[in-house]
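Asks: Predicted model, plus sequence, below.
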Amino acid sequence: MNKIKSKSSKGIIIAFTIIALWFLSLLFLLFSNFNLKNPLSYLFILIQTHLYTGLFITAHDAMHGVVSADKKLNNFIGKLCTGLFMFNSYKILFPKHHLHHQFVATEKDPDYYHGSFFIWYFHFVKQYITIWQFLTIAILFNLLKLYFPTENLLLFWILPSLLSTLQLFYFGTFLPHKGEQKNKHFSGSQDINHLWAFISCYFFGYHFEHHDSPITPWWLLYKKKEEKVYGSNFSRKL
């Protein structure tokens, strides 16, 4: 029981840390005098993209009920993270993600598509966007233009969110599920490299391990990878 509470507490702390970093970074960048002539702009775009991805990964963990043992708090964090990620809908994402786990790499899997990268990406994205989402973004964008430079909004609010969808799709859907994966979860997994696994997509390149243990939070997936590669005695018990 204490171990479950400890893991839940860590999940909450990690979730709110990602949310706080995303918000503070965005606020700093919107107020800053950066443009495409400044090389640091490209670094900050990548950082903000990574933090957007962190929001989605946190929401994803909430869909599996592993951010908090308190169901109401868990769902609140999930809804908050999807909302901050350009007004995505937790209500839409939740059932479709569980269909992905139930019917992975089949016609009933909403995330799967047998086609080229860009066609698959388009199919993937259109599953989750709504006209209301676009309208809300447009209204907020025009309101924010009254306080922040338009270039900053485009570079550090809009662009990173779009790049993050590519990051999530490429490392979390396309690479793990392309081709014919001949294992029980029909999922591939990147070679063990914890630094790259975190940078690329918060350890979700270890995708077989996620499907094998969906109740493992993202920040412990590297241990599942170690157990698979080196044996169950390599990692300390979770």
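Replies: Arrived safely, thanks for sending. From a predicted model like this one, the values you see are computed outputs, not experimental measurements. Residues are numbered from 1 along each chain as shown.

Asks: for this structure, which spans come out with low pLDDT?
Replies: Applying pLDDT under 70 to the chain flags residues 1-8, 232-238.

Asks: need the longest helix for it.
Replies: Secondary structure of the chain per DSSP state H: the longest helix is helix 2-31.

Asks: helices and strands around that helix, which ones?
Replies: Applying 3 or more C-beta pairs under 8 Å, 6 or more residues apart in numbering; DSSP states H and E, we find helix 2-31 packed against helix 40-63, helix 71-84, helix 150-153. All C-beta atoms are positioned from the backbone trio N, CA, C, and that covers glycine.

Asks: change it to 6 Å
Replies: helix 40-63 (3 or more C-beta pairs under 6 Å, 6 or more residues apart in numbering; DSSP states H and E).

Asks: In CSV, list the C-alpha atoms belonging to the helix it packs on.
Replies: Listed next in CSV are the C-alpha coordinates belonging to helix 40-63 (Å, rounded to 0.1, in the frame of the first residue of the first chain):
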residue,chain,number,x,y,z
LEU,A,40,18.5,30.5,-29.7
SER,A,41,14.9,30.7,-31.0
TYR,A,42,15.3,27.2,-32.6
LEU,A,43,16.5,25.7,-29.3
PHE,A,44,13.6,27.2,-27.4
ILE,A,45,11.2,25.9,-30.1
LEU,A,46,12.5,22.4,-29.5
ILE,A,47,12.3,22.8,-25.8
GLN,A,48,8.7,24.0,-25.9
THR,A,49,7.9,21.1,-28.4
HIS,A,50,9.3,18.6,-25.9
LEU,A,51,7.2,20.1,-23.1
TYR,A,52,4.1,19.9,-25.2
THR,A,53,4.9,16.3,-25.7
GLY,A,54,5.2,16.0,-21.9
LEU,A,55,1.7,17.3,-21.5
PHE,A,56,0.3,14.7,-23.9
ILE,A,57,2.3,11.9,-22.3
THR,A,58,1.0,12.9,-18.9
ALA,A,59,-2.5,12.9,-20.2
HIS,A,60,-1.9,9.5,-21.7
ASP,A,61,-0.8,8.2,-18.3
ALA,A,62,-4.0,9.6,-16.8
MET,A,63,-5.9,7.6,-19.4
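
Asks: contacts for that helix?
Replies: Residues outside helix 40-63 that contact it (C-beta atoms under 6 Å, 6 or more residues apart in numbering) are 15, 18, 21-22, 25, 29, 34, 67, 74, 77-78, 81-82, 84-85, 94, 97, 156, 160-161, 163-164, 167-168, 202, 217-218.

Asks: buried ones in that helix?
Replies: By neighbour count on 16 or more other C-beta atoms under 10 Å, the buried set for helix 40-63 is 41, 44-45, 47-63.

Asks: Ramachandran coordinates for the residue sitting furthest away from the middle of the chain?
Replies: Distance to the chain centre peaks in the chain at residue 146, reaching 30.1 Å (criterion: C-alpha atoms, centre = their mean). Main-chain dihedrals, residue 146, degrees, to the nearest 10: phi -70, psi -20.

Asks: what's the distance between it and residue 188?
Replies: Distance, residue 146 to residue 188, using C-beta to C-beta, to the nearest Å: 47 Å.
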